[in-house]
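**Q** Build me a structure from this.
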Amino acid sequence: MAHYWINKEVPGARERRVHAESYGVEGDYVHFYDNAKRKVLSIRKETAFLIERSSN
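**A** As a prediction, the model looks like this:
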């Protein structure tokens, strides 16, 4: 599992961090998944300007 930063240091955007195994885009959403491929977070892709993975 890794931490994903969403909009880290993006001016004017909400910054979030999620602990997930992977992510994928489906339609208008970005879904973050755990080890069992269950969704742990879904956000509208129009609000995700930057997704960055960190190992911690």
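
**Q** When you work out contacts or count neighbours from here on, use the C-alpha atoms and nothing else.
**A** Fine.

**Q** what's the neighbour count on residue 5?
**A** 18 (other C-alpha atoms under 10 Å).

**Q** correct me, but it touches residue 14?
**A** No. Counting by C-alpha atoms under 8 Å, residue 5 does not reach residue 14; the two are 10.6 Å apart.

**Q** quick one: the strands in the chain?
**A** 2-6, 16-20, 22-26, 29-33, 39-44, 51-54 (DSSP state E).

**Q** Now do the same contact list for residue 1.
**A** 19-22, 34-35, 55 (C-alpha atoms under 8 Å, 6 or more residues apart in numbering).

**Q** Just the local confidence number for it, please.
**A** Note for residue 1: predicted pLDDT of 86.

**Q** any idea how far it lies from residue 55?
**A** 8 Å (C-alpha to C-alpha, to the nearest Å).

**Q** cool, residue 15 as well?
**A** Residue 15 is 18 Å from residue 55, by C-alpha to C-alpha.

**Q** Neighbour count for these two, which is higher?
**A** Using other C-alpha under 10 Å, the more surrounded residue of residue 15 and residue 55 is residue 15, with 14 against 8.

**Q** That one and residue 49: what is the separation?
**A** Residue 15 is 10 Å from residue 49, by C-alpha to C-alpha.

**Q** Report the set of residues contacting both of those two.
**A** In contact with both residue 15 and residue 49: 6-7, using C-alpha under 8 Å, 6+ apart.

**Q** start to end distance for stretch 23-38?
**A** Start-to-end, stretch 23-38 (C-alpha to C-alpha) is 10 Å.

**Q** Over to stretch 43-51?
**A** 12 Å.

**Q** and if you look at stretch 33-53?
**A** 13 Å.

**Q** Could you give the bridge partners of residue 20?
**A** For residue 20, the beta-bridge partners are residue 2 (DSSP bridges).

**Q** Can you check the pLDDT for the nearest residue to residue 5 once chain neighbours are set aside?
**A** Leaving aside its sequence neighbours, residue 5 sits nearest to residue 17 (C-alpha to C-alpha, 6 or more residues apart in numbering; 4.5 Å). At residue 17, the model reports a pLDDT of 96.

**Q** With the one 10 residues further on instead?
**A** Per-residue confidence (pLDDT) for residue 27: 97.
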